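Enquirer: sequence below, structure please.
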Amino acid sequence: MTKRSETPDSATAARRAWMGLLARAPEGELMALWEKVAGRPAFDWLRPPETGGVMVRGRTGGTGSAFNLGEMTVTRCALALRDGTVGHGYVQGRSRAKAEAAALIDAMMQTEAADDLRRTVLEPLERHMAEARSTRAAKAAATKVDFFTMVRGEDT
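Expert: From the prediction side, this is the model:
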């Protein structure tokens with residue numbers, strides 16, 4: 001369900017953002033936050049969790065021709081809440097529990113539970129991932145070597 005103040009494009013962008021966050025999230029962190037959620041709704045499977053492979057494609061420099069980089073294992077599922085709201089979960093790896101959690105969160109984010117879920121799961125998850133990115137960047141920066149050319153006296 002789209003909030004009345006959101007245009008279809010902004011609702012799609014918001015959904016794309018939270019589904020991407022759930023797909024990239026470390027399983028341990030996501031599942032720990034998901035355990036704290038109370039009042040999980042009943043649902044019916046549209047597609048139970050299944051694991052398969054997908055081809056990952058890349059581009060040289062981000063703009064070049066696409067090429068096949070390799071294969072990646074993905075688990076996906078789809079479910080419907082009793083009110084008819086559909087949620088999808090696509091996650092890297094073989095975790096059926098993470099795919100189910102992602103699908104339930106996706107479905108619940110389309111209901112009135114969205115604000116509470118955003119506050120208890122998505123925002124802390126986003127902060128955790130930003131901190132991890134920052135730590136990784138700081139470690140990489142510590143090993144950076146700056147090469148420079150000094151002007152020598154005979155070159156002037």
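Enquirer: strands paired with the helix or strand containing E50, and their directions?
Expert: Per DSSP states H and E, E50 falls inside strand 43-59. Its sheet considered, strand 43-59 pairs with strand 66-81 (antiparallel) by DSSP bridges.
Enquirer: list the buried residues for the partner strand?
Expert: 74-79, 81 (16 or more other C-beta atoms under 10 Å). C-betas here are computed from N, CA, C, even on glycine.
Enquirer: so can I have a markdown table of those showing distance to T111?
Expert: What follows is the buried residues of strand 66-81, written out as a markdown table (distance: C-beta to C-beta, whole Å):
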| residue | distance to T111 |
| --- | --- |
| V74 | 26 |
| T75 | 24 |
| R76 | 21 |
| C77 | 18 |
| A78 | 16 |
| L79 | 13 |
| L81 | 7 |
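Enquirer: could you dump these to TSV with distance to G58 and pLDDT?
Expert: Formatted as TSV, these follow (distance: C-beta to C-beta, whole Å; pLDDT from 0 to 100):
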residue	distance to G58	pLDDT
V74	16	96
T75	22	97
R76	21	96
C77	27	97
A78	27	98
L79	31	97
L81	36	97
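Enquirer: right, and the pair among those with maximum separation?
Expert: Using C-beta to C-beta, the pair of the buried residues of strand 66-81 lying farthest apart is V74 and L81, separated by 23.2 Å.
Enquirer: against R127, how distant is the residue positioned nearest the centre of the chain?
Expert: What sits nearest the mean C-alpha location of the chain, by C-alpha atoms, centre = their mean, is L21, with 2.3 Å. According to C-beta to C-beta, to the nearest Å, L21 stands 11 Å off from R127.
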